[in-house]
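Chemist: got a predicted model here, sequence first, then my questions.
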Amino acid sequence: MGTPFSISAEHLPEGLGLVSVSGELDVDTAPQLGTCLTECGADGDRLVVLDLRGVTFMDSSALGTLVAGWKGFVRIGTGLRLVLDQPNLLRLFELSGLSEVFSISDTLEQALENA
């Protein structure tokens, strides 16, 4: 059995939101991520940083949730940055072409820089 799924969200100063996810992000857990992203957008954050460094597995439903969240943020003028440092997940984004859509950083500090 994999790492248990967890998700948390917090508001940082200057209109920043931070969402941290760990465990498997799949058809069973992606809806929780979608709800969290929707709530962050409704809270008026100008930028949401999604920390995926703790994610051990991601399937196509999770990618669809991320794309839907990104589209919702674009509509309301909220930015979305991802933090990914695992080669297998980075490769998934590259193969799907989503590395061209999302702003992806290796570290949380890098994602928050110039925010």
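Modeler: On my side now, so go ahead.

Chemist: how about residue 107, what does it touch?
Modeler: Contact analysis of residue 107 by CB atoms under 8 Å, 6 or more residues apart in numbering lists 83, 85. C-beta coordinates here come from the backbone N, C-alpha and C atoms, glycine included.

Chemist: and it, how far from residue 82?
Modeler: Separation of residue 107 from residue 82 (CB to CB, to the nearest Å) stands at 12 Å.

Chemist: what does residue 94 give?
Modeler: Separation of residue 94 from residue 82 (CB to CB) stands at 13 Å.

Chemist: same question for residue 34.
Modeler: Counting by CB to CB, the gap between residue 34 and residue 82 amounts to 15 Å.

Chemist: more neighbours, those two?
Modeler: Counted by other CB atoms under 10 Å, residue 34 and residue 82 do not tie: residue 82 has more neighbours, with 22 against 18.

Chemist: and that one, that one's in a strand?
Modeler: Yes. When classified by DSSP: H, G, I helix; E, B strand; the rest coil, residue 82 is found to be part of a strand.

Chemist: beta-bridge partners for it, please?
Modeler: The bridge-partner assignment for residue 82, based on DSSP bridges, gives residue 50, residue 104.

Chemist: which pLDDT value goes with it?
Modeler: At residue 82, the pLDDT value in this model is 97.

Chemist: so who does it touch?
Modeler: Neighbouring residues of residue 82 by CB under 8 Å, 6+ apart: 49, 50, 52, 66, 102, 103, 104, 105, 111.
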